[in-house]
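In: Provide a 3D model corresponding to the input given below.
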Amino acid sequence: MSTAQVDPITTEVIRNLFISAAEEMKSNLMHAAYNAVVFENCDFAVGIFDPEANMIAQAPGLPVFLGTLRENVKTITEDIGGLGNFRPGDVYMMNDPYTSGTHLLDVTLVAPVFHGDAVCGFAVAKMHWLDVGGKDPGSWSNDSSSIYHEGVRFRSIKLYDAGQPVGSVFDFIKHNVRVSETVLGDLRAQIAACKTGEKRFSYILEKYGLETVRAAIDQFMAHAETMARLAVARIPNGVYAAEGFIDDDSLNLNQKNLPIRVTVTIADSEMSVDLTGSQKQNQGPINCGLATTISAVRVAFKCVTTPWVPVNEGSFRPLSVIVPEDSMFNVKYPAPVCEFGMHLMTLIDTILKALAPAVPKKVPAGHYADLGVLAIWGLDSRRNKDYIHLDSSSGGWGACEGRDGESTLIAIIDGDSKNYPAELVEHNFPLRILQFSLYQDSGGPGEFRGGLGHVRDFEVLSPGTRCLTTIDRHEYEPWGLYGGKEGAVNNAVLNPGTPQQKAIRKVSNFPLTRGDIVRIISGGGGGWGEPWKRDPSRVLEDLREGYVSLQGATSDYKVGVTSSRGSFALDHQETSRLRSAAAAAS
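Out: Got it, this is the predicted structure:
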């Protein structure tokens, strides 16, 4: 902590310089990456940290990485024996899920930033690689029962030594991953991002001096803490509990409805989130390390406290997290972790559900809560080259008071991720997108309607293709609030509408032939409030836009509609009769 004095204007300028530096890291990473999961889907995070691993600034990316970048810095510093053992130009690599990671595919690079002879901070870049070895292409397997099935684990590996690349490490990566050209290109993009952060951090120090910068960091972190504590203090003191469920652990498909139990305690300006009673460590890959769980809880915390205040470590000082040792949220070696995000989305939703009675205007109904991953790989016969395409699905979010849920928005842990344009998929891979449409009636009915999911059909154009799907929340519907109804669930189907139709919600290394069609269906969000209270004119608008069917308008919303030559009009008399009956029954 600095004892220097710095005025508020200088503090704000320095804060924004750090945010700008993180944004430049993000921009350089996206522009240099080879992997569409990064430059299009934004599956990465970058940030700048102080010597104690406190987050100074982080660019928008994946919210679920909010806590793991910090833990990467801490773990590497401990593993090498302290800050004194870093040298200028060093870069370390990490993907260990048990100490600081998510799954093995999310690889973090950490570069120390020096001022004189001392480490004054770190530039960090984490991104999803397309492959890190393991038994299946893409290093993702529903049926993995050990971390060794999922790929190579890096812990505090020195990638650059005093500015010089460690050739043996680069060679090791090249010879142990699939699509190595893409992976090594992405690795170089990460290095560029870290060098950008290091350069910008050094510029800030040179311009303002070390003591002034330290004092400014202390002040804007304290400000973020104060804002967060004021927000928590506005929540009524009490103990709030809720539970949610995920379908299974992907390996044991007959063991269904795995519980997620949340107890949130508000005590003045402090919030505690306790996951005692949740599912124990799974044999299958739906597990994660403690650092990732803390990240997910931080996402929920930020949503209900200071979502518009730029994030730094001070934002989370009022938060504590309790996780039992034998939990799928605190996994131990050598358990598998490749589907780390599936239960985290429902965890965030469940925390918000618990807090709904305390902050009803801030909390939406449940969302589709699934990554909806489709991984397809094989030989691209057009280029005579192996490929791996990883695609995640957007879906419907829950409604809240005064607002319908968002349609086809990426799941809450994935932040800035976007849908792939059909043109990108078709240009780069031997696939054709036959349909990409809204899933009618998937939004939960309510006075405010849940958002809609989508239906997307992939046609396979090359022989010898295989795929993975990771569709969860098929058994457990996104919940509504205050009388709102549930949203539709997620699904995946092979060759829909044909005699060969087959459910493929969770398959690994599944064979596909040329001409096969894989349909990914993402669910909708829950509704808010009694559906029959929705403004009939809004129901008519939903009907005209195709969000709601004619049957749904009548049965769910109790709105009478006349139809003539494809146009719709309100039947006020029938609407009055239907709604009077609904009011009497409620």
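
In: Show the end-to-end separation of stretch 439-452, please.
Out: Counting by Cα to Cα, to the nearest Å, you get 6 Å between the two ends of stretch 439-452.

In: show me the contacts for residue 530.
Out: For residue 530, the contacting residues are 446, 447, 482, 483, 484, 582, 586, by Cβ atoms under 8 Å, 6 or more residues apart in numbering. All C-beta spots, glycine's among them, are computed from the backbone N, C-alpha and C.

In: By neighbour count, which of those residues wins?
Out: Highest neighbour count within the contacts of residue 530, by other Cβ atoms under 10 Å: residue 446, with 33 neighbours.

In: Tell me how far residue 169 lies from residue 90.
Out: For residue 169, the distance to residue 90 (Cβ to Cβ, to the nearest Å) stands at 13 Å.

In: of the two, who's got more company?
Out: residue 90 (21 against 17).

In: So what does that one look like in phi/psi?
Out: With angles defined as degrees, to the nearest 10, residue 90 sits at phi -70, psi 150.

In: Can you give the contact residues for stretch 79-90?
Out: 51, 77, 92, 111-112, 114, 118-119, 155-156, 158, 160-164.

In: how far out from the middle of the chain is it?
Out: 31 Å (Cα atoms, centre = their mean, to the nearest Å).

In: CA-only coordinates of it in PDB, if you can.
Out: C-alpha atoms of stretch 79-90 as PDB (Å, rounded to 0.1, in the frame of the first residue of the first chain):
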ATOM      1  CA  ASP A  79       5.600 -22.400  -7.400                       C
ATOM      2  CA  ILE A  80       8.800 -20.500  -8.400                       C
ATOM      3  CA  GLY A  81       9.600 -19.400  -4.900                       C
ATOM      4  CA  GLY A  82       8.400 -15.800  -4.800                       C
ATOM      5  CA  LEU A  83       8.500 -12.500  -6.800                       C
ATOM      6  CA  GLY A  84      12.300 -12.300  -6.500                       C
ATOM      7  CA  ASN A  85      12.600 -15.300  -8.900                       C
ATOM      8  CA  PHE A  86      11.000 -13.600 -11.900                       C
ATOM      9  CA  ARG A  87      13.200 -12.000 -14.500                       C
ATOM     10  CA  PRO A  88      12.400  -9.300 -17.100                       C
ATOM     11  CA  GLY A  89      11.100 -11.000 -20.200                       C
ATOM     12  CA  ASP A  90       9.900 -14.100 -18.500                       C
END
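
In: Greatest separation within the contacts of residue 530: which pair is it?
Out: Spatial extent of the contacts of residue 530 (Cβ to Cβ) is set by the pair 482 and 582 at 15.4 Å.

In: All the helices of the stretch 351-500 of the chain, residue numbers only.
Out: 422-428 (DSSP state H, counting those that start in this stretch).

In: likewise the chain?
Out: Using DSSP state H, the helices of the chain run over 8-32, 36-39, 68-79, 167-174, 180-208, 210-233, 290-304, 342-355, 422-428, 536-545, 550-555, 572-585.

In: who wins for proximity to residue 404 among these?
Out: The nearest among the helices of the chain, by Cβ to Cβ, is helix 536-545 at 8.4 Å.

In: How about the closest one, which residues are buried there?
Out: Within helix 536-545, the residues that count as buried by 16 or more other Cβ atoms under 10 Å are 536, 538, 539, 540, 542, 543.

In: ditto for stretch 413-420
Out: For stretch 413-420, by 16+ other Cβ under 10 Å, it's 413, 414, 415, 416, 417, 419, 420.

In: What sits closest to the third one if chain neighbours are left out?
Out: For residue 415, the nearest residue in space outside its immediate sequence neighbours is residue 63; the separation is 4.4 Å by Cβ to Cβ, 6 or more residues apart in numbering.

In: related to what we said a few turns ago, could you dump the helices of the chain to a markdown table with distance to residue 478 and mean pLDDT?
Out: A markdown table is the format used below for these (distance: least, Cβ to Cβ, whole Å; pLDDT from 0 to 100):
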| stretch | distance to residue 478 | mean pLDDT |
| --- | --- | --- |
| helix 8-32 | 31 | 96 |
| helix 36-39 | 25 | 90 |
| helix 68-79 | 26 | 95 |
| helix 167-174 | 40 | 98 |
| helix 180-208 | 34 | 97 |
| helix 210-233 | 26 | 97 |
| helix 290-304 | 16 | 95 |
| helix 342-355 | 8 | 96 |
| helix 422-428 | 26 | 94 |
| helix 536-545 | 18 | 96 |
| helix 550-555 | 16 | 95 |
| helix 572-585 | 22 | 93 |
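
In: Same list (the buried residues of helix 536-545) but as a markdown table, adding distance to residue 350.
Out: Output for the buried residues of helix 536-545, formatted as a markdown table (distance: Cβ to Cβ, whole Å):
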| residue | distance to residue 350 |
| --- | --- |
| 536 | 34 |
| 538 | 29 |
| 539 | 30 |
| 540 | 35 |
| 542 | 28 |
| 543 | 33 |
